[in-house]
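J.: What shape does this take:
(one chain, ligands or ions: 2)
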Amino acid sequence: MIYTVTFNPAIDYVVHLQGELKQEGINRNTAEEYQFGGKGINVSNVLRTLGVESEALGFVAGFTGEGLEKGLQASGLHTDFIHVAEGMTRINVKIKAEQEAEINGIGPNITQEDMKQLYQKLDQIQAGDTLVLSGSIPSCLASDTYEKIMAHLADKDIRIVVDATRDLLVNVLKYHPFLIKPNNHELGEIFNTILKTDEEIANCARKLQEMGGRNILVSMAGDGALLLDENGEVHRIGCPKGSVQNSVGAGDSMVAGFLAGYLTKQDYSYALKLGTAAGSATAFSIGLAEKQDIDQLLETL
Ligand SMILES: Nc1ncnc2c1ncn2[C@@H]1O[C@H](COP(=O)(O)OP(=O)(O)OP(=O)(O)O)[C@@H](O)[C@H]1O
Ligand SMILES: O=P(O)(O)OC[C@@]1(O)O[C@H](CO)[C@@H](O)[C@@H]1O
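T.: Numbers count the residues shown, from 1 in each chain. Ligands and ions are numbered 1, 2, ... in the order given. Next up, the predicted model:
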């Protein structure tokens, strides 16, 4: 079974504006969409699209949390959220104007009691299962939360995927995550540099592997991705051409595609292709990728 954990789910409010985002006065949307998001939830949604079952864990609160939970369940996703008493699930604003901008909210106040409940759920995970820890840790929790979870589960044979940035990511490497997926900018930030060539990217990926990561998948938006697999082999893939509609969740879709591909064929080259097809299919869609679009793109890779 695959479990995803989203500490801070969100209703993504995607707004489209004609022209520039005005700094003063009222901006009026020309179109808008709502999506039930948060990184782990996006991973679970795309896994389901690919026919792979998962359970979405995390914290929800208030009327937005209730709406998100009901909406996800109505779409057929298995969820087992913890209900937090104080605050509300955030609404993240994604602005699509001539420039793109995002405003991500703070989220509810998760207590130590809520965390205990999460640990009880994590203790049910069995050897051979996969756990995806994805997204930012809310400011009410310690920044070593992922690290602590991995330390707690270290003796179990669980495949753990971490999609997080900077210290959050670096600090979990000693627990040998099965997969990490920084993008090329995040990878550069870790080493205080701007990465320009594939060679530079592969070298930094190798450093993360030396620090304990098993498979290092570096996504590069429209430039595709580079995978340094656990056997030390570098795979480079470009990405299909298409018209980008909304790239929110492209990275999460890539993680879902990679996992689905790996779990069905145990083949890293195929996993990278399915991850790329899923990531690009999401970038080319208003919401998350649809199965037929993923299949079509996969054929071109
Ligand atoms: N402009 C694009 N054109 C084609 N494919 C894209 C584009 N942007 C993203 N993708 C696909 O999605 C994958 C992941 O994208 P990206 O590197 O932007 O991840 P990310 O930074 O984690 O994204 P996000 O945080 O928006 O989810 C890419 O490797 C590619 O396959
Ligand atoms: O604030 P975080 O947890 O870092 O990111 C949250 C988020 O931006 O990530 C997803 C896209 O990857 C969106 O669904 C969501 O709004």
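
J.: what ranges do the strands span in the chain?
T.: 2-6, 10-16, 31-37, 54-60, 78-83, 90-96, 100-103, 130-134, 159-163, 179-180, 215-219, 225-228, 234-237 (DSSP state E).

J.: so can I have JSON lines of these showing mean pLDDT?
T.: Formatted as JSON lines, the strands of the chain follow (pLDDT from 0 to 100):
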{"stretch": "strand 2-6", "mean pLDDT": "98"}
{"stretch": "strand 10-16", "mean pLDDT": "96"}
{"stretch": "strand 31-37", "mean pLDDT": "95"}
{"stretch": "strand 54-60", "mean pLDDT": "98"}
{"stretch": "strand 78-83", "mean pLDDT": "98"}
{"stretch": "strand 90-96", "mean pLDDT": "96"}
{"stretch": "strand 100-103", "mean pLDDT": "94"}
{"stretch": "strand 130-134", "mean pLDDT": "97"}
{"stretch": "strand 159-163", "mean pLDDT": "96"}
{"stretch": "strand 179-180", "mean pLDDT": "98"}
{"stretch": "strand 215-219", "mean pLDDT": "98"}
{"stretch": "strand 225-228", "mean pLDDT": "98"}
{"stretch": "strand 234-237", "mean pLDDT": "98"}
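
J.: Ser136 contacts Phe7, correct?
T.: Yes - assessed by Cβ atoms under 8 Å, Ser136 is found in contact with Phe7 at 7.4 Å. For glycine as for every other residue, the C-beta is placed from the backbone atoms N, C-alpha and C.

J.: Compare the two and say which is more crowded by neighbours.
T.: Phe7 (24 against 16; other Cβ atoms under 10 Å).

J.: Show the pLDDT at that one.
T.: For Phe7, the pLDDT comes out at 97.

J.: same check, this time on Ser247
T.: For Ser247, pLDDT reads 89.

J.: do you know how far the nearest residue to it once chain neighbours are set aside is from Tyr119?
T.: Distances taken as Cβ to Cβ, 6 or more residues apart in numbering put Ala283 closest to Ser247, at 4.4 Å, once the chain neighbours are dropped. For Ala283, the distance to Tyr119 equals 36 Å [Cβ to Cβ, to the nearest Å].

J.: Over to Phe7?
T.: Counting by Cβ to Cβ, the gap from Phe7 to Tyr119 is 13 Å.

J.: ok, back up a step: any chance of the strands of the chain in CSV with distance to ligand 1 and mean neighbour count as columns?
T.: CSV is the format used below for the strands of the chain (distance: least, Cβ to the nearest ligand atom, whole Å; neighbours: other Cβ atoms under 10 Å):
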stretch, distance to ligand 1, mean neighbour count
strand 2-6, 13, 25
strand 10-16, 11, 20
strand 31-37, 10, 18
strand 54-60, 17, 25
strand 78-83, 21, 17
strand 90-96, 10, 20
strand 100-103, 9, 11
strand 130-134, 10, 25
strand 159-163, 7, 24
strand 179-180, 11, 26
strand 215-219, 3, 25
strand 225-228, 4, 24
strand 234-237, 8, 16
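
J.: Serialize these to TSV and add fields for distance to Ile294.
T.: Formatted as TSV, the strands of the chain follow (distance: least, Cβ to Cβ, whole Å):
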stretch	distance to Ile294
strand 2-6	17
strand 10-16	20
strand 31-37	17
strand 54-60	16
strand 78-83	21
strand 90-96	22
strand 100-103	23
strand 130-134	18
strand 159-163	19
strand 179-180	19
strand 215-219	16
strand 225-228	15
strand 234-237	15
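
J.: Output those as a markdown table; include the columns distance to ligand 2.
T.: Formatted as a markdown table, the strands of the chain follow (distance: least, Cβ to the nearest ligand atom, whole Å):
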| stretch | distance to ligand 2 |
| --- | --- |
| strand 2-6 | 7 |
| strand 10-16 | 4 |
| strand 31-37 | 3 |
| strand 54-60 | 10 |
| strand 78-83 | 15 |
| strand 90-96 | 4 |
| strand 100-103 | 6 |
| strand 130-134 | 8 |
| strand 159-163 | 8 |
| strand 179-180 | 15 |
| strand 215-219 | 11 |
| strand 225-228 | 15 |
| strand 234-237 | 20 |
